[in-house]
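Trainee: Need a 3D model of the sequence below.
(chains A and B)
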2 protein chains.
Amino acid sequence: MSGSVRIRLVQMDVLPGRPWENTERMLAHVNTARQAGIELVAFSEMAVPGYLLGDEWERPAFLRECEACGEALREAARGIVVMFGNVGLDWHKRNEDGRVRKYNALFTAEEGRFIGPTGSPYPFVIKTLMPNYREFDDSRHFFDTRKLAAELGRPVTDLITPVRAARWRIGGVLCEDAWDEDYAFSPLKILSGAGADFFVNVSCSPFTFNKNHKRNRVFSAAAVALGRPLAYVNNTGLQNNGKTVFTFDGASCIYDGQGNRVDGPPAFQEGLLDCDMPLGGTKPFGSPSGTLENGVADLVAALRYGTGRFMKLCGVERVVVGASGGIDSAVVAAIYGQILPPENLLLVNMPSRFNSPTTINLARVLARQLGCGYAEIPIEDSVRLTRTQIDGVRIQGPAGESRLALTDFLLENVQARDRSSRVLAGVAAAFGGVFTCNANKSEMTVGYTTLYGDLGGYLASLADLWKDEVYAVGRYLNAEVYGREVIPEGSFTVVPSAELSPAQAVDEGKGDPLVYPYHDRLFRSWVEDWNRATPEDILDWYLDGKLENRIGYGGAVKDLFPTPAAFVADLERWWNHYQGLGVAKRIQAPPVLAVKRRAYGFDHRESQMGPRYTRRYQELKRRITA
Amino acid sequence: MSGSVRIRLVQMDVLPGRPWENTERMLAHVNTARQAGIELVAFSEMAVPGYLLGDEWERPAFLRECEACGEALREAARGIVVMFGNVGLDWHKRNEDGRVRKYNALFTAEEGRFIGPTGSPYPFVIKTLMPNYREFDDSRHFFDTRKLAAELGRPVTDLITPVRAARWRIGGVLCEDAWDEDYAFSPLKILSGAGADFFVNVSCSPFTFNKNHKRNRVFSAAAVALGRPLAYVNNTGLQNNGKTVFTFDGASCIYDGQGNRVDGPPAFQEGLLDCDMPLGGTKPFGSPSGTLENGVADLVAALRYGTGRFMKLCGVERVVVGASGGIDSAVVAAIYGQILPPENLLLVNMPSRFNSPTTINLARVLARQLGCGYAEIPIEDSVRLTRTQIDGVRIQGPAGESRLALTDFLLENVQARDRSSRVLAGVAAAFGGVFTCNANKSEMTVGYTTLYGDLGGYLASLADLWKDEVYAVGRYLNAEVYGREVIPEGSFTVVPSAELSPAQAVDEGKGDPLVYPYHDRLFRSWVEDWNRATPEDILDWYLDGKLENRIGYGGAVKDLFPTPAAFVADLERWWNHYQGLGVAKRIQAPPVLAVKRRAYGFDHRESQMGPRYTRRYQELKRRITA
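Mentor: The predicted model follows:
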């Protein structure tokens, strides 16, 4: 077919679990699109209900509401073709869990009617390829095309056919359907074989650092191979699965059949992409594909957007940050400084006898440079009271009276809990707001945090960033976002420290037991590698002389440890923390704002099983330490 | 075929994530079985690796270890046929997430060889029906028979065929394969059609209250319909998915073709089931199926077993319970009294000015009757210090100096946090142990708990029980487990109260704002119903006069509320808590010990989205309150 289609992609915030709120906005968009002479308007995957809803799909009342919203959109589709994602329901059939049959569906409405693929029993396109990795649980809730084909006793190709609307044969697919690399077949190719004039991919695809680059490569290659344009529409906004919070950057665009691209609205912004999309022929209509990645700028955008949207979701307007003078809390404060009016942001420094004037002053300077509220609330009296009370307890027990004693080591956690659960929680309540968790991914990985202490808070904005990424974000905030020093230089240069004992005195250069440039890379291989590494792999690489290269560490591991045995002991120390108490702490951690692959919580799922080593690890260890 | 098979089912504790530890024990069982003249010994599903492992499946080193364990079992299978669950690997293929191809597999080994189904490309049986509901994520990690059939371009029936070992055609299936009610086809029927002589179902099926009854009904009917014996082997032990902890009761047994049963070891105990299982003919060899349920006794067994096993998993030997004098903490203490020597159990009462002598005395009596340690640590001084500090803070801010104030209401949470995060956490550390979370499911549902306060702790043993179930468990503990009054009668009869303000004074009969007999049933309909109810459903039932019946409330709702509007206001109050702050609190809650359907965490998955009402709800509300 030749000619063109005047298409509009609506990159819109989708509110999860609020179908009518989304639908009202979609209906308005349908009207304005019609008035603008648009022929085909497309919304994202699950634009009506939202996508990451936990088990909300198990509520028939919610499903009926989604269905009613779809009917309203169907009715509104007059003089324009409307495509949108919604849950597709078959009340006469069951899912394999015994609940009503549900599909992750793409609806096409024209002149008040839904139009399904020519070969399908349903008036909607069904998502064929189901992601069940990372934060995705599609098969938990939705029946897929392959199962339907098996149920109907028909080949899957019968069901994957174009939608005939207006004068087009539209190849409609949903998100993963176009990420077919690891699947046995390709819905796009099947649709192409069935004569699709162009492709529309509706997605609800969370932002992940550097993911746009990969999508661009995959989708662009697909459009070229198919020789047809591929329109990609994704939503903005924020959705979560409880433990893990995801941002959506949109990044909607159209790929022409020549490897070029028409870009839509900026990342994390609502907006429209209008295009007279030529059909047939091979004339390119897009621009040569530029990069879609901007490095740390993307991270900062996601952190700021995600933090702000999560506040809105929770109805939070006032925020307290425990400011230690270190880099993590400074970066968190600087992010909130971009979101909140200064009078709604309060920094609280809570010194004990172990906090140096250096870091207290850094916290003061940070608040001054942000222009926000600041207070100092010492914890010394309370910690002393706790020690006196617990040391003074007389336990009446089976063997008569006994005593307890809080050692200096235990007093470190007492301080951390006193700060968060006593002071910050109380101050946040009195301030009419919440307090933040400033933990980074390095700390989260090995549980270098105190439960009910610095691991408390309503959201952990930095918990998907390694320490070096926190520094990079801080530098970027000063240089590019604020254009001045907001985070004091001293917070970048002071030795990272919890300042909970004399062994962590920053003015003597003492601090965290982690060598971040090395340990961050080590931990990353355990957590973020697609085929995640274990100590067995680490020792293999070490013996092969490839460890630095495999984990991406710029230095030499042998310079960090006096002996191979010391290297192994360090490895086991942190692995034990990661698989031991680290898991227990993460189970009770605040929601993590995901910005990369494998954020803790629902993306990187864990079981509490204790530290484990393979037999082969033990053999390798014997070889190394012999 | 006629004759019989001398079969042994091994009901064994499986340690998740520890393949060699499991395999060493399995190898010992293979040897003793051979010596005992057993012809066929069967272990449970995923007996080698464990089953609920989070994303541990993404680690190739772990998979290689599992494979090596399987090889050891294969080698040991001489003079005996050995069946066991393990991960089945195909290193030459990929899963749809791009990682190595994995199957949830049943291996059969004979004379040092693995024997697969006659029509399968693999030397193992593949799980065909994949549960992806509740705590199950099978499709996240494992490729199934239907996908394999599609990939090979063969009908699924080609692949679901018996295993020919010794002189038998064994119909081997995995867990869900026999729960085929909601699936389009039945692996058991396909195997029957292919001539299976008998069936072996290997499972890793968590305990759920009243589930054995259902399994008995389904499996017994299947054995009768197929006219062949069905052996069911399930493991014991404890496995978890981080947020939610599951016990396994075993309940291994054999169903004959006549609806009778041969029972295996008692629930929650390791042991063997030996049987000369007749083949062919229809002579029954089991006993008439008795009930498998014992009501509250089952709950108590699961709570005690699960709590004890979780302690062992975490390496916990000493436990502190914050004892308020109320029923929840008393039941928790009484459970630990069954697990720990009395000197390792410490009860701590932490009175403020709002705690009545009545409840303090109940805590004392409880400790005395348990014979465990007891201490009283008042929180009044610390709460006063916190109030003085926060009220005394001067915030330096953009608009000059400002002040904060802790209201009486905010002081309620200050008390709760002081108890858990300051006192209990400190005492537990000094005691060399952990402290417990005593929250029940009613409190968890509506967030009637304080984060970092009474919602803190290492495990929430009662968090899957409604308040009335907590009382029933307490009564059972006194009457049947201890055989004497351990939990004081006063803890059953005192009004449930947080005792955080004068409005909650128990001696004046004041307490929690929940009418438990009604609200428990209401909440249950929101949480535990398979098709979960919403306020829309509640109003529908109310208008139809069916509400009490639908939610199982013994009283009359109209007696609880002066007006229909008051009924609606109460409904919205708790729904707002459940969908609002309740979710936020549950995200940071301790692991929940699951004993029923839909425990919070990983069984009942949630997204933070704020309270939501359908349009139809609003219409019904207008009708009711007009």
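Trainee: got a list of what residue A:259 touches?
Mentor: Neighbour list for residue A:259: A:220-221, A:223-224, A:284, A:288-289 [criterion: CB atoms under 8 Å, 6 or more residues apart in numbering or on different chains]. (Glycine included, C-beta is placed from N, CA and C.)
Trainee: From the residues you listed, pick the one nearest chain B.
Mentor: Checking those against chain B with CB to the nearest CB, the nearest one is residue A:221 at 16.6 Å.
Trainee: Which of the helices or strands spans the closest one?
Mentor: Under the criterion of DSSP states H and E, residue A:221 resides in helix A:211-226.
Trainee: Quick one: list the elements packing against the helix or strand that that helix is followed by.
Mentor: Note on helix A:211-226: by DSSP H and E, the next helix or strand toward the C-terminus is strand A:230-234. Counting contacts by 3 or more CB pairs under 8 Å, 6 or more residues apart in numbering or on different chains; DSSP states H and E, strand A:230-234 is packed against strand A:4-11, strand A:198-203, helix A:211-226, strand A:253-255, strand A:271-278.
Trainee: Quick one: mean pLDDT over strand A:230-234.
Mentor: Across strand A:230-234, pLDDT averages out at 97.
Trainee: again, but for stretch A:144-159
Mentor: Averaged over stretch A:144-159, pLDDT sits at 91.
Trainee: buried residues in that stretch?
Mentor: A:144-150, A:156-159 (16 or more other CB atoms under 10 Å in any protein chain shown).
Trainee: can you tell me which of those residues are in helices?
Mentor: Counted as lying in helices by DSSP state H, out of those, are A:145-150, A:156-159.
Trainee: Which pair of those residues spans the longest distance?
Mentor: The most widely separated members of those, counting by CB to CB, are A:147 and A:157 (15.1 Å).
Trainee: can the helix holding residue A:221 be found next to chain B?
Mentor: No. Helix A:211-226 stays out of contact with chain B when judged by CB under 8 Å from any CB of the partner chain, the minimum separation being 11.9 Å.
Trainee: Tell me the buried residues in that helix?
Mentor: If you call a residue buried by 16+ other CB under 10 Å, then helix A:211-226 has these buried ones: A:211-212, A:215-216, A:219-220, A:222-224, A:226.
Trainee: Quick check: residue A:246 touching residue A:207?
Mentor: Yes. Residue A:246 is within contact range of residue A:207, at 7.1 Å (criterion: CB atoms under 8 Å).
Trainee: So residue A:200 sits against residue A:172, correct?
Mentor: Yes. Between residue A:200 and residue A:172 there is a contact under CB under 8 Å: 5.2 Å.
Trainee: Ramachandran angles for residue A:600?
Mentor: Taking degrees, to the nearest 10, you get phi -70, psi 150 for the backbone angles of residue A:600.
Trainee: which ones are touching it?
Mentor: Per CB under 8 Å, 6+ apart, neighbours of residue A:600: A:243-244, A:441, A:444, A:463-464, A:586, A:589, A:592, A:606.
Trainee: do residue A:284 as well
Mentor: A:256-260.
Trainee: Neighbouring strands - and their directions - for the helix or strand bottoming out on mean pLDDT in chain A?
Mentor: In chain A, no helix or strand scores lower on mean pLDDT, DSSP states H and E than strand A:287-288, which sits at a mean of 82. Strand pairing for strand A:287-288, using DSSP bridges, gives strand A:260-263 (antiparallel).
Trainee: Distance from the chain centre to the partner strand, please.
Mentor: Centroid displacement of strand A:260-263 relative to its chain, using CA atoms, centre = their mean, to the nearest Å, is 26 Å.
Trainee: Please work out the average pLDDT along it.
Mentor: Strand A:260-263 comes out at a mean pLDDT of 93.
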